[in-house]
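**Student:** Next come a sequence and a model predicted from it.
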Amino acid sequence: MLETSLYFLHLAGLAIWIGSMVVSVWLLVKIGRMEDRSNGKSLLQMMISLVKWLMNGAALVVLASGGGLIQSLGYHEIEKPLWITLMERGGGMIILLFLIIMTWMCNRAHKRLKGADGAQGNQFSKLVTRFSVTLSSFAVLALAVVYIVSLRVS
């Protein structure tokens, strides 16, 4: 029962985390093309809160449920197959880097947007581009781990 619940949490967290990254990248591209910077600024602030609460929360659920699954399935003391090692180390590292980098970027962007020059032309475009490139990079890395794990390479 516990393993089934952890497995469900793990898959649901992955779906929410990766799905929200893909949708956010799409929205950020649309925000970057907007002519009206005041609307773009409010949408970017909404995106920052989405990253801080939804994506970080889903990433933590994936990390915690993955650790619980590794422990409950008994893979902590025996030699693990390659796909388990990749999922544990690679996936865990990607999630930790996501949490650290995206929280730092969100706090930095929030401070810049609060300032008077936060919504000014080139600065705003750079901010949106950095967010979209970083989120799409993490989405590709997470999908790569999911793909390799789904192959269950020994």
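**Tutor:** The structure has been received and is ready for your questions. Residues are numbered from 1 along each chain as shown.
**Student:** Low-confidence stretches in this protein?
**Tutor:** 35-37, 75-77, 116-121, 153-154 (pLDDT under 70).
**Student:** can you give me the helices for it?
**Tutor:** 2-32, 37-50, 56-72, 82-85, 92-114, 121-151 (DSSP state H).
**Student:** what's the last one packed up against?
**Tutor:** Here helix 121-151 touches helix 2-32, helix 37-50, helix 82-85, helix 92-114, going by 3 or more Cβ pairs under 8 Å, 6 or more residues apart in numbering; DSSP states H and E. Yep, even glycine has a C-beta here, placed from its N, CA and C like the rest.
**Student:** So which of the ones you listed is nearest residue 128?
**Tutor:** helix 2-32 (4.2 Å; Cβ to Cβ).
**Student:** Would you pull up how far the closest one lies from the middle of the chain?
**Tutor:** 7 Å (Cα atoms, centre = their mean, to the nearest Å).
**Student:** Just want the angle from that helix to helix 56-72.
**Tutor:** Inter-element angle recorded for helix 2-32 and helix 56-72: 150 degrees (by axes from the mean of the first three to the mean of the last three Cα atoms, to 10 degrees).
**Student:** Can you give me the buried ones in helix 2-32?
**Tutor:** 6-7, 9-10, 13-14, 16-18, 20-21, 24-25, 27-28, 31-32 (16 or more other Cβ atoms under 10 Å).
**Student:** One more: stretch 88-104?
**Tutor:** 88, 90-92, 94-95, 98, 102.
**Student:** Go through those residues and name the one nearest residue 126.
**Tutor:** Among the buried residues of stretch 88-104, and counting by Cβ to Cβ, the member closest to residue 126 is residue 102, at 16.8 Å.
**Student:** Skipping adjacent residues, who's closest to that closest one in space?
**Tutor:** residue 51 (5.4 Å; Cβ to Cβ, 6 or more residues apart in numbering).
**Student:** Contacts only, for that neighbour.
**Tutor:** Counting by Cβ atoms under 8 Å, 6 or more residues apart in numbering, residue 51 makes contact with 24, 102, 106, 135.
**Student:** Run through the residues that contact the residue lying farthest from the centre of the chain.
**Tutor:** Computed with Cα atoms, centre = their mean, the residue of the chain farthest from its C-alpha average is residue 78, at 30.1 Å. By Cβ under 8 Å, 6+ apart, the contact set of residue 78 is empty.
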